[in-house]
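*Asks:* Curious how this folds, go ahead:
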Amino acid sequence: MMTIGEILKHVRQSKGLSLNAVCKSVNYEITKSQLSKVERGVQDCSWIFMRAASAGLNIPIEIFTEKVCSSTDLDDRLQAKKMTRNIVPVLNWLQIEAGNHQNRESHHYIDGPSDLLPGCFALELQCDDMESFNGGPSFPKGSMLFFDPNRRAVENDYVLAVVDGEATFKQLRQVRDGQHLRPLNNQYPVIKMAEGDKIIGRLVATRQLF
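*Replies:* Here you go, the predicted model:
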C-alpha cells in the first residue's frame with residue numbers, strides 16, 4: 001500500500017510541481033520542509049496538513065484514506081474521481097461573520113456529495129456545542145459541514161446563522177416568542193434570534209473524515 005507521503009510525491013512529480021510551488025499555492029500554510037519530510041516518511045501529518053496539501057495539488061483529500069496499491073492504481077482512482085467531482089469551497093467562520101459567503105472565495109476546496117446544488121459551501125466545525133452525549137444526531141468538533149444558502153430552513157433543521165455578528169451552527173426551533181437556536185450539547189445555552197440576526201444556510205450534508 002502507498003503511504004500518504006508516497007501519494008503526495010507521486011502526484012506532485014506527475015504534475016511537474018516543485019515542493020515550493022505546492023506550498024506557495026496555499027499561501028505557505030504548509031512549509032517546504034514539512035512537505036519534504038512527509039514525502040520521505042520521516043514526519044507524520046495532521047488533518048490540517050492533508051487539507052492544505054490536497055488543495056495545493058488539486059486532489060480530493062479522501063484519497064489519503066483509501067488503500068492505494070500502486071502508482072497506477074492511484075492514477076486510475078484520481079482519474080475516476082476527476083470525472084465525478086463536485087468541488088465545494090471551504091469557507092472560514094470570519095468569512096461568514098463578514099457576510100462574504102456569497103462570493104465563495106476560498107483557498108481550500110473539498111469534494112462534496114454528488115447531489116449538492118450550485119452555491120453550496122463547506123465549513124469546519126470548531127466547537128463542541130453540537131456534540132450530543134445523549135444519543136441521536138451529533139456533530140463532533142472537526143466535522144465538515146455542507147450548507148445550501150438557497151434552501152429555506154424549517155423547524156428542527158440544522159442551520160448556520162449569524163447572531164449579533166457572530167456565526168453559529170445550531171438546530172432551529174420555532175417557539176411562541178420567535179425563532180430559537182438550540183445546541184445539542186446541554187452545557188451551552190439556547191440562543192433567541194433577534195431583529196437583524198439571519199440564517200445563512202441550511203445543513204444538507206456532513207462528513208467526519210478522521
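*Asks:* Now do the phi/psi pair for the most centrally placed residue in the chain.
*Replies:* By CA atoms, centre = their mean, the chain has its centre lying nearest to Met144, at 4.1 Å. Here is the backbone geometry of Met144 (degrees, to the nearest 10): phi -100, psi 120.
*Asks:* Please report how far it lies from Ala80.
*Replies:* Distance, Met144 to Ala80, using CB to CB, to the nearest Å: 22 Å. C-betas here are computed from N, CA, C, even on glycine.
*Asks:* host element of Glu195?
*Replies:* Following DSSP states H and E, one finds Glu195 outside all helices and strands.
*Asks:* For it, grab the count of nearby residues.
*Replies:* Residues lying near Glu195 (other CB atoms under 10 Å) number 6.
*Asks:* Next, give phi and psi for it.
*Replies:* In terms of degrees, to the nearest 10, the main-chain angles of Glu195 are phi -60, psi 130.
*Asks:* again with Ile48
*Replies:* Dihedral pair for Ile48: phi -60, psi -40, per degrees, to the nearest 10.
*Asks:* Who are the contact partners of it?
*Replies:* Ile48 is in contact with Glu29, counting by CB atoms under 8 Å, 6 or more residues apart in numbering.
*Asks:* which SS class is Met2?
*Replies:* Secondary structure, DSSP: H, G, I helix; E, B strand; the rest coil: Met2 is coil.
*Asks:* Now do it, the pLDDT please.
*Replies:* Here, the pLDDT recorded for Met2 equals 92.
*Asks:* try Val190
*Replies:* Val190 is assigned a pLDDT of 95 by the prediction.
*Asks:* how about it, what does it touch?
*Replies:* By CB under 8 Å, 6+ apart, the neighbours of Val190 are Arg173, His180, Leu181, Arg182, Pro183.
*Asks:* shaky segments in this protein?
*Replies:* Within the chain, the ranges that satisfy pLDDT under 70 run 82-85, 102-107, 209-210.
*Asks:* how about the helices in it?
*Replies:* For the chain, applying DSSP state H gives helices covering 4-14, 19-25, 32-39, 47-57, 71-84, 93-97.
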